[in-house]
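Participant: kindly generate the corresponding structure for this input.
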Amino acid sequence: MRVRSHLVVALVCCFPMAALAQNQPASTVRTVLATGRIASVVDTPLVFRLLSFRLPAAQAASYTGPNAMLYAISGALGAELGGNSQGIAEGGGLFIPVGQAANLSVSEPDPAHFLLFILSPAADAEKPLLGPVAAIDELYRSPEPLPSLQAGPHEFSLTRVSLPPAMPPNPPHSRSGAALYFIAAGNGTFIAEGKTEPRRTGMAHFEPHGLVHQWANPGNEPLVLIQANISQEGIPAVVAGSPK
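Facilitator: Below you'll find the predicted structure:
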């Protein structure tokens, strides 16, 4: 894929989108962690993957592969990408463009646990993406290529969404592109196609194009979702009801 990208690391501002604001209560908090721009997503069929990595203290690893979003669950990472070095604190994010090597390192004394949300060509879904690390777990892989992606540039983003305790189901809405989630904290419910299903801490969750759904948080603590979203540039990521 031809890619033109820019790097935004750990933006510490709340970024409410107009379409999302229509579908979520005012107490829902959205924080953009990283963003990137992808020139094309239709050159080859794509799948979403979610990988969990644990890197021991004083160790390093290098990622070179498809477009990816990194999220730091715990520990502090050093990252060198495109000649720039920066630290990624716990809860921070990083966009890694296709083909660019991201050299990751952990200083002593603590190990680091992080996630990679990968937008991978379907034919490359089995390829190894990091050098030797202590533990690698694949939490999710799309069972089939992402449907209904359109020609033209797309926005790729990583966002932390916090839904307040005792939040009832929000209005029905759907994705114009697709999104892959990690449930970072709390226990919520996902409602779609007449079914209500639990979503618990540590679970992965996928939302394809056009699936009309709702989220609710019946618990007494915030429901925290880490969301990697792909959507056509200039088109709202979330729309009320079904996409036209």
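Participant: give the buried residues for stretch 196-203.
Facilitator: For stretch 196-203, burial by neighbour count (16 or more other C-beta atoms under 10 Å) applies to Arg199. No exception for glycine: its C-beta is placed from N, CA and C like everyone else's.
Participant: cool, and stretch 177-196?
Facilitator: Of all the residues in stretch 177-196, those buried under the rule 16+ other C-beta under 10 Å are 177-184, 186-191.
Participant: of those, which belong to strands?
Facilitator: Among the buried residues of stretch 177-196, the members falling in strands (DSSP state E) are 178-184, 188-191.
Participant: let me know the closest of the buried residues of stretch 177-196 to Lys127.
Facilitator: Closest approach between the buried residues of stretch 177-196 and Lys127, by C-beta to C-beta: Leu180, at 18.4 Å.
Participant: what ranges does this protein have for its helices?
Facilitator: Assigned by DSSP state H, the helices in the chain fall at 18-23.
Participant: tell me the domain ranges of it?
Facilitator: By the assignment in automatic domain parsing, the chain contains the domains 18-42+148-240, 46-141.
Participant: what's opposite Gly78 in the beta bridge?
Facilitator: Gly87, Ser105 (DSSP bridges).
Participant: contacting residues for it?
Facilitator: Counting by C-beta atoms under 8 Å, 6 or more residues apart in numbering, Gly78 touches 85-88, 104-107.
Participant: before we move on, the earlier item: could you dump the domains of the chain to CSV with mean pLDDT?
Facilitator: Below are these laid out as CSV (pLDDT from 0 to 100):
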stretch, mean pLDDT
domain 18-42+148-240, 91
domain 46-141, 90
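Participant: which one (most neighbours) among the contacts of Gly78?
Facilitator: Neighbour counts for those, by other C-beta atoms under 10 Å, peak at Leu104, which reaches 26 neighbours.
Participant: what sits against that one?
Facilitator: Residues in contact with Leu104 (C-beta under 8 Å, 6+ apart) are 55, 60-63, 70, 77-79, 114.
Participant: most neighbours out of the residues you listed, which is it?
Facilitator: Compared across these, Leu70 has the highest neighbour count, 26 neighbours, by other C-beta under 10 Å.
Participant: the nearest residue to that residue once chain neighbours are set aside: how many residues sit nearby?
Facilitator: Closest residue to Leu70 apart from its sequence neighbours, by C-beta to C-beta, 6 or more residues apart in numbering: Leu94 at 4.3 Å. Leu94 has 27 neighbouring residues, counting by other C-beta under 10 Å.
Participant: do the one 5 residues further on as well
Facilitator: Residue neighbour count, defined by other C-beta under 10 Å, stands at 11 for Gly99.
Participant: re the thing from before, out of the contacts of Gly78, which one sits closest to Arg199?
Facilitator: For those, the residue nearest Arg199 by C-beta to C-beta is Ile88; the value is 25.7 Å.
Participant: what about Phe206, distance to Gly65?
Facilitator: Computed as C-beta to C-beta, to the nearest Å, the Phe206 to Gly65 distance reads 20 Å.
Participant: who has more neighbours, the two?
Facilitator: Higher neighbour count among Phe206 and Gly65: Gly65, with 22 against 17, using other C-beta under 10 Å.
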